[in-house]
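Colleague: here's my sequence, what's the structure:
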Amino acid sequence: MGGHPIGFGAIESANKFICHTRLKRSGAWWLVSNCNNMLKLRCAIVNGTFDEVFAKYATKEKAKRFAKKM
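Modeller: Predicted coordinates:
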C-alpha cells in the first residue's frame, strides 16, 4: 500500500499523542471552539508547520486590526 500502514493502530497512537496528551489533562475542560484551535496548533507543532500556521494567523489578525482602524 505505498508504504503506508494498513491498520488503524498508528492512527490511534497519533491521536493519543496529539490530542489526549494536551486535552485530557486532569481537571481540564474546553469549549469546542477553543479545543478545535488547540488541536490545530498541536497538529502544526507535530507536523513541523507551526511557523507557517502562525505566520498566516498573524497576517490575518494584522489585517483585522487594520480594517478596524479604517
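Colleague: what residues does the host helix or strand of residue 21 touch?
Modeller: If you go by DSSP states H and E, residue 21 is part of helix 21-23. Helix 21-23 is contacted from outside by 30, 35, 38, 39, 42, using CB atoms under 8 Å, 6 or more residues apart in numbering. C-beta here means a position set from N, CA and C on the backbone, and glycine is covered the same way.
Colleague: can we see that at 10 Å?
Modeller: 28, 29, 30, 34, 35, 38, 39, 41, 42, 45 (CB atoms under 10 Å, 6 or more residues apart in numbering).
Colleague: after that helix, next one along is what?
Modeller: Following helix 21-23 in sequence, per DSSP H and E, is helix 32-47.
Colleague: buried set for that following helix?
Modeller: 42, 44 (16 or more other CB atoms under 10 Å).
Colleague: same for that helix, what does it pack against?
Modeller: helix 21-23, helix 50-69 (3 or more CB pairs under 10 Å, 6 or more residues apart in numbering; DSSP states H and E).
Colleague: got the angle between that helix and helix 50-69?
Modeller: 140 degrees (axes from the mean of the first three to the mean of the last three CA atoms, to 10 degrees).
Colleague: how far is helix 32-47 from where the chain is centred?
Modeller: 2 Å (CA atoms, centre = their mean, to the nearest Å).
Colleague: still on that earlier bit, between the helices and strands packed on helix 32-47, which one is closest to residue 11.
Modeller: Nearest to residue 11, of all the helices and strands packed on helix 32-47, is helix 21-23, at 15.6 Å by CB to CB.
Colleague: ok, back up a step: for the helix holding residue 21, what is the distance to the chain centroid?
Modeller: 11 Å.
Colleague: one more: stretch 9-27?
Modeller: 12 Å.
Colleague: contacting residues for the residue sitting nearest the centre point of the chain?
Modeller: The centre of the chain sits closest to residue 40, judged by CA atoms, centre = their mean, with a distance of 1.6 Å. Taking CB under 10 Å, 6+ apart, we find residue 40 in contact with 53, 57.
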